[in-house]
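**Student:** pasted the sequence and its predicted model underneath.
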Amino acid sequence: LAAEGAGRRHVFIGVGATPEDRAWLVGHRERHGTRYEPVFIQPHPSLAREMTRIAREERGTFYPSAAWTADGATLRFHFTQDRRIKTGQDGLFHHDRRHRGATNVSTVDIARIFREH
């Protein structure tokens with residue numbers, strides 16, 4: 001993160017981002033006058049539309065992908081389907097007592113994301 005006044009910008013990179021991340025962005029803007037450029041990474045298909053909208057409104061970027069070591073790989077993504085923990089336990093590694101659904105997702109190279117943003 002760098003000072004905005006020096007021609008630099010603040011960047012928030014949210015791996016496993018959720019709509020609740022917007023409250024953090026807004027809070028910093030309101031309390032500290034700091035605007036972050038959000039970079040959201042979230043492969044969960046049910047969040048894609050809302051995360052796209054939030055990224056657009058906050059002048060950021062949304063990757064509907066799983067963070068990984070390479071772009072464009074296809075991985076199996078497992079869902080909890082638990083209303084209490086929402087997406088907090090979703091992930092690439094299956095757990096038989098936690099995950100009840102899965103789908104294939106594309107990946108994004110997290111190192112590249114850090115370099116580019």
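**Tutor:** Yep, it's here.
**Student:** neighbours of H32, how many?
**Tutor:** 9 (other C-beta atoms under 10 Å). C-beta: built from backbone N, CA, C; applies to glycine.
**Student:** just give me how far the helix or strand of the chain with the lowest mean pLDDT sits from the chain centre.
**Tutor:** In the chain, no helix or strand scores lower on mean pLDDT, DSSP states H and E than strand 74-79, which sits at a mean of 82. Here the centre of strand 74-79 is set off from its chain's centre by 15 Å, with C-alpha atoms, centre = their mean, to the nearest Å.
**Student:** quick one: name whatever helix or strand follows it.
**Tutor:** strand 101-109 (DSSP states H and E).
**Student:** longest helix in the protein, please.
**Tutor:** Scanning the chain for the longest helix, with DSSP state H as the assignment, gives helix 21-32.
**Student:** helices or strands up against it?
**Tutor:** With contacts defined as 3 or more C-beta pairs under 8 Å, 6 or more residues apart in numbering; DSSP states H and E, helix 21-32 has these neighbours: strand 10-15, strand 36-41.
**Student:** hmm, try it at 7 Å
**Tutor:** strand 36-41 (3 or more C-beta pairs under 7 Å, 6 or more residues apart in numbering; DSSP states H and E).
**Student:** hmm, who's touching the strand it packs on?
**Tutor:** Here strand 36-41 makes contact (C-beta atoms under 7 Å, 6 or more residues apart in numbering) with 9-15, 17, 21, 25, 28, 51, 55, 58-63, 65, 67, 108, 113, 117.
**Student:** buried stuff in the least confident helix or strand of the chain?
**Tutor:** For strand 74-79, a neighbour-count test (16 or more other C-beta atoms under 10 Å) marks F77, H78, F79 as buried.
**Student:** and that strand, what does it pack against?
**Tutor:** Checking 3+ C-beta pairs under 7 Å, 6+ apart, strand 74-79 ends up next to strand 66-68, strand 101-109.
**Student:** try it again at 6 Å.
**Tutor:** Other elements packing on strand 74-79 under the criterion 3 or more C-beta pairs under 6 Å, 6 or more residues apart in numbering; DSSP states H and E are strand 101-109.
**Student:** many thanks, have a good one.
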